[in-house]
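Participant: show me the folded form of this:
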Amino acid sequence: MEQAGSLGARGSTGSAAPDIRTASVRVPAQARAADVERERGVASDESRSASGARGEHTHSEPPIPHPRVETARPVETGRPVETARPVVQRASVRGQILDALRSALVAGELAPGQVYSAPVLGERFGVSATPVREAMQQLALEGAVEVVPNRGFRVVRRGTRELAELAEIRALLEVPVVLRLARTVPAARWAELRPLAEAAARAASAGCRATYAECDRAFHHAILALAGNDQLVQIADDLHRRAQWPLVGGPVPRGRADLMADAAEHLALLDALTAQDLPAVQSLVREHFADS
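Facilitator: Next comes the predicted model:
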């Protein structure tokens, strides 16, 4: 999604890394300053005991700033009283950070080959290093980054061959399913997907790759979900996400015109599916994957 702010992350080596926009990250303030202090203490102990496994040390990195605790002065006493704040669940914070990092990957703001430190990224997000590290570890499982002991996480370098292989696998999985659905799904169900295709078209018109990537995945996800096979949807979504990561030494990232052409294929495909025009469906869906 489109973001207005920027995150000037630095690796533990001190070299400047590309900006990561974070205005869309909504991480609420912590419940109490004491709670934050305890969490920071736990994160510090964990990093000292297992820094090699987690991927960084932070000797030269600045500390994470303490959130300010707001106070109020009741009329009857005039004494400051700490205001109550909602407790943030770690899973919620990690999920928001993971979404922000995935968007940064797609937008090219996390550069292939660059090392990023979880504590420094956490400081810029306004959270402890723990949820950032957990999000990065999830990205490592997905193949987007790799652990660099005592330094952080390096964004994986990918080439055009890997992208072509992913497109081929996606086509082998999705084309037969879409053709089968074209014969069985009524026109009214396809009409329900038009708002998703139109949202992708708006994102393409705005030229925002990160927002378009989300809309593109949502559209393909909705089509495959009609098959009723959850495993297929999960595998296809993972392949789709991998296909959206930036390349090294490949073509220039797709611009506004390319995104708009891709989005137009979604709308044309929906028209063909609604009309149950099987030859047009087959031609459009194969061309769509060939252009991925």
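Participant: for the rest of this, base every contact and every neighbour count on C-alpha atoms.
Facilitator: OK.
Participant: check which element follows the helix or strand Glu134 falls within along the chain.
Facilitator: Secondary structure from DSSP states H and E places Glu134 in helix 129-142. Moving toward the C-terminus from helix 129-142, the next helix or strand (DSSP H and E) is strand 145-148.
Participant: which secondary structure elements does that next one contact?
Facilitator: Counting contacts by 3 or more Cα pairs under 8 Å, 6 or more residues apart in numbering; DSSP states H and E, strand 145-148 packs against helix 129-142, strand 152-155.
Participant: parallel or antiparallel, list what pairs with that strand.
Facilitator: Partners of strand 145-148 in the sheet, by DSSP bridges, are strand 152-155 (antiparallel).
Participant: quick one: mean pLDDT for the strand it pairs with?
Facilitator: The average pLDDT for strand 152-155 rounds to 93.
Participant: burial of Thr211, as a residue count?
Facilitator: Residues lying near Thr211 (other Cα atoms under 10 Å) number 21.
Participant: now it: how far from Leu179?
Facilitator: Distance of Thr211 to Leu179, given as Cα to Cα, to the nearest Å: 28 Å.
Participant: Asp216 now?
Facilitator: Distance, Asp216 to Leu179, by Cα to Cα: 19 Å.
Participant: which of those two has more neighbours?
Facilitator: Taking neighbours as other Cα under 10 Å, Asp216 and Leu179 compare with Asp216 leading, 24 against 17.
Participant: for the nearest residue to the more buried one once chain neighbours are set aside, what are its contacts?
Facilitator: Closest residue to Asp216 apart from its sequence neighbours, by Cα to Cα, 6 or more residues apart in numbering: Ala200 at 6.1 Å. Counting by Cα atoms under 8 Å, 6 or more residues apart in numbering, Ala200 touches Tyr212, Cys215, Asp216, Ala263.
Participant: and if you look at Arg194?
Facilitator: Leu267, Leu270.
Participant: okay, now the unreliable bits of the stretch 101-250 of the chain?
Facilitator: 248-250 (pLDDT under 70).
Participant: again, only this time at 90
Facilitator: Across the stretch 101-250 of the chain, residues meeting the criterion (pLDDT under 90) sit at 102-113, 120-127, 142-143, 150, 157-164, 207-210, 241-250.
Participant: surely Gln282 and Val175 touch.
Facilitator: Yes: counting by Cα atoms under 8 Å, Gln282 does reach Val175; the two are 7.5 Å apart.
Participant: contact partners of the longest helix anywhere in the chain?
Facilitator: Among the elements of the chain assigned as helix by DSSP state H, the one spanning the most residues is helix 160-184. Applying Cα under 8 Å, 6+ apart, the contact partners of helix 160-184 are 223-224, 226-227, 236, 239-240, 242-243, 247, 249-250, 273, 276, 278, 281-282, 285-286, 289-290, 292.
Participant: repeat that for stretch 229-241.
Facilitator: So stretch 229-241 is contacted by Glu142, Leu166, Arg170, Leu173, Glu174, Arg217, His221, Leu224, Ala225 (Cα under 8 Å, 6+ apart).
Participant: CSV for those, including distance to Pro186?
Facilitator: Shown next, in CSV, are the contacts of stretch 229-241 (distance: Cα to Cα, whole Å):
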residue, distance to Pro186
Glu142, 35
Leu166, 30
Arg170, 24
Leu173, 22
Glu174, 19
Arg217, 22
His221, 18
Leu224, 15
Ala225, 15
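Participant: run a quick neighbour tally on the residue lying closest to Pro119 once chain neighbours are set aside.
Facilitator: Residue nearest to Pro119 in three dimensions, not counting chain neighbours: Ala129, with 4.4 Å by Cα to Cα, 6+ apart. Per other Cα under 10 Å, the neighbour tally for Ala129 reads 23.
Participant: could you chop the protein up by domain?
Facilitator: Using automatic domain parsing, the domains assigned to the chain come out as 7-155, 160-290.
Participant: show me what contacts Ser92?
Facilitator: Listed by Cα under 8 Å, 6+ apart, the contact set of Ser92 is empty.
Participant: element containing it?
Facilitator: Here Ser92 is assigned to helix 90-107, by DSSP H and E.
Participant: could you measure from Arg158 over to Leu247?
Facilitator: For Arg158 relative to Leu247 (Cα to Cα), the value is 5 Å.
Participant: of the two, who's got more company?
Facilitator: More neighbours surround Leu247 than the other of Arg158 and Leu247, with 21 against 17 (other Cα under 10 Å).
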